[in-house]
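Student: Just need the structure, nothing else, for what follows:
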Amino acid sequence: MARLSLKPLVGAVLVSLCAMPAYALNLLEAYQAAKQNDPTYRAAMAEHEAGQKNDELAVAGLLPQISASLYRGKTVGVRLQPGFTGRITQSDLDYDSKNYGLQLRQSLFDWRKISEFRQGRARVSYSDAVFAAKSNELAIRVAGAYFDALLAKNTLSLLDARVRAYEEQLVRAENLYRAGDGTVTDMDEARARRDIAIAQRYEAQDRLKVALRSLQELTGSTPETLHALGEEFPLSAPVPATLEEWVDIARQNSPDIRAGEQAFEIAAREVDKARAGHLPTVDMIGSVSKTVSDTVSTLNQENRTRSIGVQVSIPIFSGGYSWALSDQTLAKREQARQELEAARHRVELDITRYFTASLSGVSKVRGYEQAVKSSERALHSTKMGFTAGLRTNVDILNAEEQLFQARRDLAEARYQYLVSTLRLRASAGVLVEDDIARLNGFLAGATAANAETTAPAATTKADKKS
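Tutor: This next block holds a predicted model:
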């Protein structure tokens with residue numbers, strides 16, 4: 001009776017689960033999920049956390065060093081001692097020795113430790129800059145993967161429509177042929193176009209699967225649906241409006257340049273550390289010790305000592321090691337200087353590339369929007385001309401091909417424009433999560449993310465006959 005009473009409840013739960021809408025992943029959610037799941041970013045977080053400890057490690061060398069020592073030993077042996085008569089007397093030795101000590105050392109002057117302290121601060125700043133660069137890289141990778149998946153989905157949808165359009169043209173050509181107004185060439189041309197579109201559709205399915213897999217690697221899960229880009233979204237030129245202003249912003253904020261500057265600072269402090277091998281060190285040392293021990297001549301001897309003083313160590317000759325190390329660090333400092341200059345050139349080139357892409361992307365998108373409208377009108381006119389006997393079936397197929405290509409180029413131009421705006425801000429070092437949220441606001445409703453949305457077109461009777 002109990003089992004029978006549960007069946008309606010189980011059935012209702014299953015129906016409600018099936019009726020629930022599939023979870024749609026938008027761009028901002030993908031970015032937030034990637035920060036939690038992407039192993040490359042998680043490794044960067046761990047690297048950054050480790051880098052923050054360099055400051056504490058460097059400070060430790062300038063703080064007091066306290067050490068304690070404990071010794072306990074046992075002496076067992078035989079003592080042989082000649083007497084007045086010339087005879088050697090023998091006595092057994094068996095006694096304990098104990099020593100307790102406490103020492104405090106405070107560096108008063110050690111150029112190496114001072115340089116390490118400055119270098120530690122530079123290492124922390126370097127870690128911050130590297131982490132900022134990798135955070136920007138994550139945002140670009142997520143946006144690129146998300147828009148690649150959307151482009152693959154758009155391409156697949158366009159190919160579905162293309163297959164259906166070619167199928168309609170093939171049916172029309174068959175009907176005209178049976179009516180005596182068409183030709184075998186028209187049927188063969190329509191069939192060939194349709195078969196090519198079907199083959200391209202399978203290729204598009206593979207690209208979509210790869211794109212979704214790439215998105216899964218970042219977010220940790222495969223989305224069932226994605227938020228598609230709306231038909232209308234604002235197209236605007238970059239702000240500031242000039243390339244020089246963006247270059248100036250990048251020189252101040254680019255994480256790649258900041259990382260190069262800190263790498264040069266680290267190399268410069270390494271030179272100071274090497275030169276410290278030629279300088280004296282000064283330490284203040286204080287110690288307390290207690291020694292309890294028997295000797296061969298005393299019993300229960302106890303010594304207590306306290307001492308405080310200043311120790312000066314002056315290096316004289318180390319086999320040429322300090323000179324060779326100084327020359328090596330000077331060469332590495334020059335390497336860091338040139339790498340910094342290369343980073344500046346690279347960032348300025350990236351700023352130029354992405355500023356130009358963002359600026360031209362506006363015109364490019366608008367141009368493709370006009371191209372789509374023109375291609376739609378051209379297709380309509382071609383179909384009207386075909387009805388009037390002025391156009392051929394091949395003309396309609398060519399117009400369909402042109403419209404498909406224009407629509408795909410428009411979708412690709414839109415995604416490239418959006419990614420270019422992100423890349424521009426990332427290269428300039430001013431990319432924040434609000435920029436991802438802004439792009440996320442351009443997304444409209446959810447669209448299925450899987451590649452099995454439409455089956456290939458059915459085989460016509462003409463195919464069977466052929």
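Student: In contact with residue 325, which residues?
Tutor: 274, 277 (Cβ atoms under 8 Å, 6 or more residues apart in numbering). Yep, even glycine has a C-beta here, placed from its N, CA and C like the rest.
Student: Tell me the spacing between it and residue 271.
Tutor: For residue 325, the distance to residue 271 equals 10 Å [Cβ to Cβ, to the nearest Å].
Student: what do you get for residue 138?
Tutor: For residue 138, the distance to residue 271 equals 35 Å [Cβ to Cβ].
Student: and residue 112, which of the three is it?
Tutor: helix (DSSP: H, G, I helix; E, B strand; the rest coil).
Student: ditto for residue 223
Tutor: coil.
Student: pLDDT score assigned to it?
Tutor: The score at residue 223 is 83. That number is its pLDDT.
Student: Sheet-wise, list the partners of the helix or strand hosting residue 95 with their directions.
Tutor: Using DSSP states H and E, residue 95 maps to strand 88-109. Here the strand partners of strand 88-109, with direction, are listed using DSSP bridges: strand 65-82 (antiparallel), strand 281-293 (antiparallel).
Student: Point out the most buried one among those strands.
Tutor: strand 281-293 (a mean of 15; mean count of other Cβ atoms under 10 Å).
Student: Show the subsequent helix or strand relative to that strand.
Tutor: Downstream of strand 281-293, the first helix or strand assigned by DSSP H and E is strand 301-313.
Student: That following strand to strand 281-293, inter-axis angle?
Tutor: Calculated by axes from the mean of the first three to the mean of the last three Cα atoms, to 10 degrees, strand 301-313 forms an angle of 170 degrees with strand 281-293.
Student: so what secondary structure elements neighbour strand 301-313?
Tutor: In terms of contact count using 3 or more Cβ pairs under 8 Å, 6 or more residues apart in numbering; DSSP states H and E, strand 301-313 is assigned the packing partners strand 281-293.
Student: distance of residue 184 from residue 27?
Tutor: Distance from residue 184 to residue 27, counting by Cβ to Cβ: 50 Å.
Student: higher neighbour count, those two?
Tutor: Using other Cβ atoms under 10 Å as the criterion, residue 184 and residue 27 rank with residue 27 on top: 25 against 11.
Student: Distance of residue 106 relative to residue 285?
Tutor: Per Cβ to Cβ, residue 106 is found 8 Å from residue 285.
Student: just residue 385 next, same as before
Tutor: The spacing between residue 385 and residue 285, counted by Cβ to Cβ, is 102 Å.
Student: do the same with residue 39
Tutor: Separation of residue 39 from residue 285 (Cβ to Cβ): 49 Å.
Student: ditto for residue 422
Tutor: The value you get for residue 422 to residue 285, if Cβ to Cβ is used, is 58 Å.
Student: Could you pull up phi and psi at the residue nearest to residue 326 when sequence neighbours are not counted?
Tutor: Using Cβ to Cβ, 6 or more residues apart in numbering and skipping residues adjacent in sequence, the residue nearest residue 326 is residue 274, 4.4 Å away. Backbone dihedrals for residue 274, given as degrees, to the nearest 10, come out at phi -70, psi -40.
Student: can I assume residue 274 is in contact with residue 329?
Tutor: Yes - with the criterion set as Cβ atoms under 8 Å, residue 274 and residue 329 qualify as a contacting pair; they are 4.4 Å apart.
Student: between these two, what contacts are shared?
Tutor: Residues touching both residue 274 and residue 329 do not exist when contact is defined as Cβ under 8 Å, 6+ apart.
Student: who has more neighbours, those two?
Tutor: Set side by side, residue 274 and residue 329 give different neighbour counts by other Cβ under 10 Å, the larger being at residue 274 (22 against 19).
Student: which stretches of this protein have low pLDDT?
Tutor: Scanning the chain for pLDDT under 70 picks out the ranges 1-23, 79-92, 294-300, 445-447, 450-466.
Student: in the host helix or strand of residue 395, what counts as buried?
Tutor: Take DSSP H and E as the rule and residue 395 turns out to sit in helix 393-428. Along helix 393-428, these residues count as buried under the neighbour rule (16 or more other Cβ atoms under 10 Å): 393-428.
Student: and residue 100, what is it in contact with?
Tutor: For residue 100, the contacting residues are 69-71, 289-291, taking Cβ under 8 Å, 6+ apart as the criterion.
Student: From the residues you listed, pick the one nearest residue 255.
Tutor: Distance to residue 255, by Cβ to Cβ, is smallest for residue 69 among those, at 47.7 Å.
Student: isn't that closest one right next to residue 98, touching?
Tutor: No - contact criterion Cβ under 8 Å: residue 69 and residue 98 do not qualify, at 11.5 Å.
Student: What's the local residue count around the nearest residue to residue 402 once chain neighbours are set aside?
Tutor: For residue 402, ignoring the flanking residues on the chain, the nearest one in space by Cβ to Cβ, 6+ apart is residue 375 at 5.1 Å. The number of residues packed near residue 375 is 21, by other Cβ under 10 Å.
Student: how far away is residue 375 from residue 401?
Tutor: Distance from residue 375 to residue 401, by Cβ to Cβ: 10 Å.
Student: what's the answer for residue 434, then?
Tutor: Separation of residue 434 from residue 401 (Cβ to Cβ): 41 Å.
Student: again, but for residue 56
Tutor: Residue 56 sits 66 Å away from residue 401 when distances are taken as Cβ to Cβ.
Student: Same question for residue 301.
Tutor: Applying Cβ to Cβ to residue 301 and residue 401 gives a distance of 107 Å.
Student: ditto for residue 317
Tutor: Residue 317 is 83 Å from residue 401, by Cβ to Cβ.
Student: same deal with residue 70?
Tutor: With the distance defined as Cβ to Cβ, residue 70 ends up 89 Å from residue 401.
Student: how about the contacts of residue 100 in CSV, adding distance to residue 149?
Tutor: Compiled in CSV, the contacts of residue 100 are given as follows (distance: Cβ to Cβ, whole Å):
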residue, distance to residue 149
69, 65
70, 66
71, 70
289, 72
290, 74
291, 76
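Student: which is the next helix or strand following the helix or strand hosting residue 196?
Tutor: Secondary structure assigned from DSSP H and E places residue 196 in helix 184-219. With elements assigned by DSSP H and E, the helix or strand that comes after helix 184-219 is strand 225-229.
Student: returning to what we had before: was I right to think the residue nearest to residue 402 contacts residue 406?
Tutor: Yes - Residue 375 lies in contact with residue 406 (Cβ under 8 Å); the separation is 4.5 Å.
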